[in-house]
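Enquirer: heads up, no residue letters with this:
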Ligand code: AMP
Ligand code: GLY
């Protein structure tokens, strides 16, 4: 089978590495890929948001399965368009991808199906949001742009002045563009943060696996949020009881709820949660694998990824084998100076071959 992998991150490098281990694979194409994926398949000069370009390529090159890494093409409906063209593709349709692309949609789903999450209020006018701050009795409070902001649209505000400035950055300076047309003010959750992942065909759900991801740029978890500076798996508090609780309180109700509401979710459901004194509470849902979580999770997957992905697309996940090893893994992100604000790219990275000699069990994942 020929496989088209969409994306250019370290996540896609890890996916390409795992897909290469499948006996089902003939050719692997990565659009657009990166320096790491070029030794694992053929990088294409098609951007991950050029859905028509991807569709034409898949049609012409006998692509039997397309796997989408990032959220943007999912939110733009790549799965709807490929499915209409009868091309098998792994990921949720746009209506279900709203679990990630709209925080207010996700909150509605959680409210409807009783899934524990932070209490919240949405606003589409800055003055109303600022006026609401007077009702907040305890800080910190959390202010978020409603739309997709690559993990960077969240402000944890220690006092009212910080909250006013966050509202103004999101809605007046529009630092996240249209993602900030609506904002959400929500309760600050205190606890151990972890992310749980499940493969699903919209009905059956695989065994959960979890990772911890460090999102802040600075040492000791300080400074602004990024797309993720490192991750490890499993979290120290991960055990069978935690898995069952998260499956019963969070994952199963979302998947069943989406199906009941005629927006079945097929793909990878990624629940970001805070494990508080009152139990797990959802911070966000993502409709895809995480980056850098994928880089720590896929080395722990003992089963054939193409097998799993195909069975999700075909609705036969129940009869597929999804086995996670009990080993541990860790990933560290190196980013160009200035990240997550403005930063320059294209620098040469040296010293990798030397490191490989010393640490044979360490893989390296390239991000564009
Ligand atoms: P999000 O983009 O919603 O995943 O938020 C990014 C990060 O901000 C999360 O991974 C948390 O570390 C933090 N965060 C978001 N919402 C909350 C909250 N209600 N309470 C505490 N921390 C939060
Ligand atoms: N590492 C967080 C994410 O992929 O959204």
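Expert: Done, it's in. All figures in this text were calculated on a predicted structure; none of them were measured in a lab. Ligands and ions are numbered 1, 2, ... in the order given.

Enquirer: what kind of secondary structure is the residue in the stretch 101-250 of the chain that ligand 2 sits nearest to in?
Expert: Per C-beta to the nearest ligand atom, residue 228 is where the stretch 101-250 of the chain lies closest to ligand 2, at 3.4 Å. The C-beta positions use only the backbone N, C-alpha and C, and glycine is treated the same way. Secondary structure, DSSP: H, G, I helix; E, B strand; the rest coil: residue 228 is strand.

Enquirer: who are the contact partners of it?
Expert: Applying C-beta atoms under 8 Å, 6 or more residues apart in numbering, we find residue 228 in contact with 151, 213-215, 290-293, 333.

Enquirer: against residue 52, how distant is it?
Expert: To residue 52, residue 228 is 30 Å away according to C-beta to C-beta, to the nearest Å.

Enquirer: and for the residue nearest the centre of the chain, nearest residue in space, chain neighbours not counted?
Expert: The centre of the chain sits closest to residue 290, judged by C-alpha atoms, centre = their mean, with a distance of 3.6 Å. Counting by C-beta to C-beta, 6 or more residues apart in numbering, residue 270 is the residue found nearest to residue 290 once chain neighbours are left out, at 5.6 Å.

Enquirer: check residue 35 too.
Expert: Per C-beta to C-beta, 6+ apart, closest to residue 35 is residue 366, 4.8 Å.

Enquirer: got a pLDDT number for residue 354?
Expert: Here, the pLDDT recorded for residue 354 equals 59.

Enquirer: nope, residue 115 is what I was after
Expert: pLDDT, read off for residue 115, is 98.

Enquirer: ok, now which ones touch it?
Expert: Residue 115 neighbours (C-beta under 8 Å, 6+ apart): 109, 249-250, 253-254, 282.

Enquirer: what do you get if the cut-off is 6 Å, keeping everything else the same?
Expert: 250, 253 (C-beta atoms under 6 Å, 6 or more residues apart in numbering).

Enquirer: ok but it is inside a helix, no?
Expert: No: under three-state DSSP, residue 115 falls outside any helix and is assigned coil.

Enquirer: quick check: residues of the stretch 101-250 of the chain near ligand 1?
Expert: 118, 142, 144, 151, 154, 156, 186-189, 193, 215, 225 (C-beta under 6 Å from any ligand atom).

Enquirer: will you turn the residues you listed into TSV that also has secondary structure and pLDDT?
Expert: Converted to TSV, these look like this (DSSP: H, G, I helix; E, B strand; the rest coil; pLDDT from 0 to 100):
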residue	secondary structure	pLDDT
118	coil	94
142	strand	95
144	strand	89
151	coil	53
154	strand	85
156	strand	91
186	strand	93
187	strand	94
188	coil	96
189	coil	96
193	strand	93
215	strand	84
225	strand	78
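
Enquirer: what about the helices in this structure?
Expert: 10-19, 51-60, 71-75, 78-84, 94-101, 103-113, 126-132, 160-167, 240-246, 252-260, 293-297, 305-314, 352-358 (DSSP state H).

Enquirer: now, of these, which is deepest in the fold?
Expert: Most buried of the helices of the chain, by mean neighbour count (mean count of other C-beta atoms under 10 Å): helix 293-297, with a mean of 27.

Enquirer: which strands or helices does that helix pack on?
Expert: Counting contacts by 3 or more C-beta pairs under 6 Å, 6 or more residues apart in numbering; DSSP states H and E, helix 293-297 packs against helix 10-19, strand 209-218, strand 222-233, strand 329-332.

Enquirer: before we move on, the earlier item: of all the contacts of residue 228, which comes closest to residue 202?
Expert: Residue 202 lies nearest to residue 290 out of the contacts of residue 228, by C-beta to C-beta, at 20.4 Å.

Enquirer: cheers, nothing more for now.
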